[in-house]
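Asker: Got a predicted structure plus its sequence, pasted below:
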Amino acid sequence: MRPESLLLDTTSVGNARLASWAPTTVDVAAQCTAPWGDDVGTLEETAAVDGATAALEGLPVGSTCGVDVHGDDLAQVSASRSTIVVSEPAAAEVAVVTSVKGADLRIRRAVTGDVTQAWEREAVTATCTAAGREIFATGFDQDKPMRFLLAVDEEVSAQLLPIGSECLVTDASGITVLATIGERGGDADFASFIPFADDEPREPTTQRGLAATGPAGWVVSLAVAGAIAVAGTLLASRRRNGRL
C-alpha cells in the first residue's frame, strides 16, 4: 500500500480588529486507524494560527483519521472535517479555521422622581477582560479608557467586543454592574430615583464623575436587565437637611 499523509492547515478569518484578540496558536490532534483496525498514527501539536501546517505522514491508504481542534476562551476554532479517510494520490487535507466574533455592550441610564434634580450628565466607566487580557471596544485602547457621559435616559454602546468578554461597568457613585458579552451583546442598566423636595430650592445640575458639582441629596438604586449578573441590589442615600 502506498503511504499517504494527513495535513491540517491553519488560518484565521473575520474582522481584522477582532482577529487581533485571537490566540496565536491552536491545539490540533488527530488519531488514525488502518483499514484492518490497527492504530497507525497519532498527532498532538500546537500550531501557529496563520499558515502553519501540521502533518501526519506514512499512513496506509484507506486509514480513517479523527480530528480535534481547540483554541482559547475568545476564539472559535473549527475543522472542516472531524473525520477523514486517507486516499490516493493526494494527501488528506483538513482546514483548521480560527475566528473571533464580536458584539456590543449597551449601557443605559434611567432617572425617575424629581428629574429636575438629576445630574445632567453622569460618567460611567467600563473595563472588559477575556482570556486573561484587558479588551477594548472600537475606538478605545490602553491610553483611551472606555469612559462615557450619559444624559438622562440615554443609551450608549461600546462596539465590537469579543463574545465571551466580561465587563465591569461602574458609575460615578461607585455602583458596579457585571455584563457578559453574548451573541446578542450585553447590557448594563443604571436606574436612579430622586425624591421630591418641594420646600427646597433647586441646585445646579451639571455632570457627576468628572469633577462636577450637583444636588446635595440623592438616592440611587440598581436595576438589573438582560445579561447582567450582580450579587444583589444596592441602595445608597444621602440626607438632605436631616431628612431623606
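Answerer: Thanks, I have the structure now.

Asker: Quick check: mean pLDDT of stretch 88-95?
Answerer: Per-region confidence: stretch 88-95 scores 80 on mean pLDDT.

Asker: Which parts of it count as buried, going by neighbours?
Answerer: A92, V94 (16 or more other CB atoms under 10 Å). Bear in mind the C-beta positions are built from the backbone N, C-alpha and C, glycine included.

Asker: and A52, how far is that from L8?
Answerer: A52 is 9 Å from L8, where distance means CB to CB, to the nearest Å.

Asker: of the two, who's got more company?
Answerer: The residue with more neighbours, out of A52 and L8, is L8; 27 against 17, by other CB atoms under 10 Å.

Asker: just the helices in the protein please.
Answerer: 16-19 (DSSP state H).

Asker: Need the residue closest to the centroid of it.
Answerer: S165 (2.3 Å; CA atoms, centre = their mean).

Asker: Please verify my assumption that that residue contacts A126.
Answerer: No: using CB atoms under 8 Å, S165 is not in contact with A126; the gap is 10.2 Å.

Asker: doesn't I107 make contact with E155?
Answerer: Yes: between E155 and I107 there is a contact under CB under 8 Å: 6.8 Å.

Asker: where does this protein have low pLDDT?
Answerer: For the chain, the stretches with pLDDT under 70 are 1-3, 89, 198-244.

Asker: domain assignment for it?
Answerer: As given by automatic domain parsing, the domain ranges for the chain are 3-99, 102-237.

Asker: The last one: how far from the chain's middle?
Answerer: Centroid separation between domain 102-237 and its chain, computed with CA atoms, centre = their mean, to the nearest Å, is 18 Å.
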